[in-house]
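Trainee: Quick one, what's the 3D model for this:
(one chain, ligands or ions: 1)
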Amino acid sequence: MGLMKRGEPIIRVRGLKNSFGEQVVHEDLDLDVMKGEVIGVVGGSGTGKSVLMRSIIGLQTPDAGEITVFGEDTVDKEETETIDIRKRWGILFQGGALFSTLTVAENVQVPLREFYPGLNQALLDEIAAYKVVMTGLPPDAGPKYPAELSGGMKKRAGLARALALDPELLFLDEPTAGLDPIGAAAFDELTLSLQKTLGLTVFLITHDLDSLYAICDRVAVLADRKVIAVGTIDELLALDHPWIQEYFNGPRGRAATASVTREQAKG
Ligand SMILES: Nc1ncnc2c1ncn2[C@@H]1O[C@H](COP(=O)(O)OP(=O)(O)OP(=O)(O)O)[C@@H](O)[C@H]1O
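Mentor: Residues are numbered from 1 along each chain as shown. Below is the predicted model of the structure:
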């Protein structure tokens with residue numbers, strides 16, 4: 001297993017190319033994600049944010065490029081070859097993707113059973129109960145089925161499952177999509193507090209400007225098939241790329257800035 005040197009990226013992508021038939025989604029895409037940061041990934045619909053995430057976690061085999069996570073190559077690997085690194089990350093897929101026939105607790109236990117088949121049921125139950133509470137769900141959510149949960153609770157259950165293996169790296173694909181603004185803000189707060197408490201690195205795909213302002217250390221912008229810029233929001237605002245300006249300085253961007261300024265003013 002590769003030992004991380006200080007300042008070395010946890011995720012390193014170089015020259016990534018992905019295409020589907022004639023459609024080239026990524027070309028010469030580079031990205032570094034540093035240990036301990038929350039990086040937001042933004043871009044117009046269809047710019048390939050999810051495909052980028054799928055490439056990093058090895059669910060999509062790129063046409064070209066290098067990807068390392070924790071210093072280990074993830075491209076074109078058999079599942080058995082990547083067990084050691086897959087244990088170290090957790091994923092919340094778009095829409096939560098809970099198994100509808102399993103309870104919340106059983107959902108949380110899925111990765112535990114996969115990676116640690118020797119764990120006994122009492123321990124599985126204990127870990128699941130702990131993760132459920134950790135994500136702000138009431139303890140009685142464990143035996144419930146996804147259909148019995150609100151949208152916000154489903155996201156938390158998905159997060160509990162993503163945290164099942166005590167990951168160092170968390171992938172979140174549009175976690176606040178479909179939540180009302182208060183639910184979304186609460187989820188952002190939860191993400192940030194877990195990130196700080198657990199020292200997580202977070203790869204966050206989002207359309208939610210409030211989330212970017214609230215929790216991201218840096219933001220990577222996908223456009224023109226690559227990451228055209230990475231930086232703090234202030235650094236991005238200093239660039240005069242039309243999409244970036246429209247995104248952050250359009251009416252919704254200005255509203256998000258105003259709400260951050262109001263929060264700061266409140267102290
Ligand atoms: N398995 C696939 N087969 C064919 N085309 C695909 C596949 N997966 C993704 N694509 C295409 O790749 C492009 C990028 O998709 P992706 O889901 O990564 O976009 P996105 O940036 O996450 O978009 P959104 O913000 O709408 O979720 C889209 O045009 C999509 O149709």
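Trainee: all helices of the stretch 51-200 of the chain, in order?
Mentor: Along the stretch 51-200 of the chain, the segments classed as helices by DSSP state H, counting those that start in this stretch run 83-86, 104-115, 121-134, 151-162, 181-198.
Trainee: State the mean pLDDT of the longest one.
Mentor: To tie it back to what came earlier, the one meant is helix 181-198. In this model, helix 181-198 has an average pLDDT of 93.
Trainee: swap in stretch 152-171?
Mentor: When pLDDT is averaged along stretch 152-171, the result is 95.
Trainee: Now do it: distance to the chain's middle.
Mentor: The chain centroid and the centroid of stretch 152-171 are separated by 10 Å, computed with CA atoms, centre = their mean, to the nearest Å.
Trainee: then that stretch to PDB, C-alphas only?
Mentor: The C-alpha atoms that make up stretch 152-171 are tabulated as PDB, following Å, rounded to 0.1, in the frame of the first residue of the first chain:
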ATOM      1  CA  GLY A 152     -33.300  14.200   3.900                       C
ATOM      2  CA  MET A 153     -33.300  11.100   6.000                       C
ATOM      3  CA  LYS A 154     -32.500   9.000   2.900                       C
ATOM      4  CA  LYS A 155     -29.500  11.100   2.200                       C
ATOM      5  CA  ARG A 156     -28.300  10.700   5.800                       C
ATOM      6  CA  ALA A 157     -28.800   6.900   5.500                       C
ATOM      7  CA  GLY A 158     -26.800   7.000   2.300                       C
ATOM      8  CA  LEU A 159     -24.100   8.900   4.100                       C
ATOM      9  CA  ALA A 160     -24.200   6.500   7.000                       C
ATOM     10  CA  ARG A 161     -23.500   3.700   4.500                       C
ATOM     11  CA  ALA A 162     -20.700   5.700   2.900                       C
ATOM     12  CA  LEU A 163     -19.100   6.000   6.300                       C
ATOM     13  CA  ALA A 164     -19.500   2.400   7.200                       C
ATOM     14  CA  LEU A 165     -15.800   1.500   6.700                       C
ATOM     15  CA  ASP A 166     -14.500   4.600   8.400                       C
ATOM     16  CA  PRO A 167     -13.200   6.000   5.100                       C
ATOM     17  CA  GLU A 168     -10.500   8.600   4.700                       C
ATOM     18  CA  LEU A 169     -12.000   9.800   1.400                       C
ATOM     19  CA  LEU A 170     -15.600  10.500   0.800                       C
ATOM     20  CA  PHE A 171     -17.200  10.900  -2.600                       C
END
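Trainee: that older thread, which one of the helices of the stretch 51-200 of the chain is the most hemmed in?
Mentor: For the helices of the stretch 51-200 of the chain, the stretch with the most neighbours on average is helix 151-162, a mean of 24; neighbours defined as mean count of other CB atoms under 10 Å. In short, each C-beta sits where N, CA and C put it, glycine included.
Trainee: so which residue of the stretch 51-200 of the chain comes closest to the ligand?
Mentor: Distances between the stretch 51-200 of the chain and the ligand by CB to the nearest ligand atom are smallest at residue 51, namely 3.6 Å.
Trainee: burial count for that residue?
Mentor: Number of residues near residue 51 (other CB atoms under 10 Å) recorded here: 21.
Trainee: what ranges do the strands span in this structure?
Mentor: Along the chain, the stretches classed as strands by DSSP state E are 9-20, 23-34, 38-43, 64-69, 72-73, 89-92, 169-173, 201-205, 218-223, 226-231.
Trainee: Could you say which one of those strands comes nearest to the ligand?
Mentor: Comparing these by their distance to the ligand (CB to the nearest ligand atom), the top pick is strand 9-20, with 3.5 Å.
Trainee: residues in contact with the closest one?
Mentor: With contact meaning CB atoms under 8 Å, 6 or more residues apart in numbering, strand 9-20 is reached by 4, 24-35, 48, 51-52, 55-56, 60, 62-70, 168-169, 201, 203.
Trainee: could you give the angle of it to strand 201-205?
Mentor: If you take axes from the mean of the first three to the mean of the last three CA atoms, to 10 degrees, strand 9-20 sits at 30 degrees to strand 201-205.
Trainee: so, in contact with the ligand or not, strand 9-20?
Mentor: Yes - interface with the ligand: strand 9-20 contributes residue 20 (CB under 6 Å from any ligand atom).
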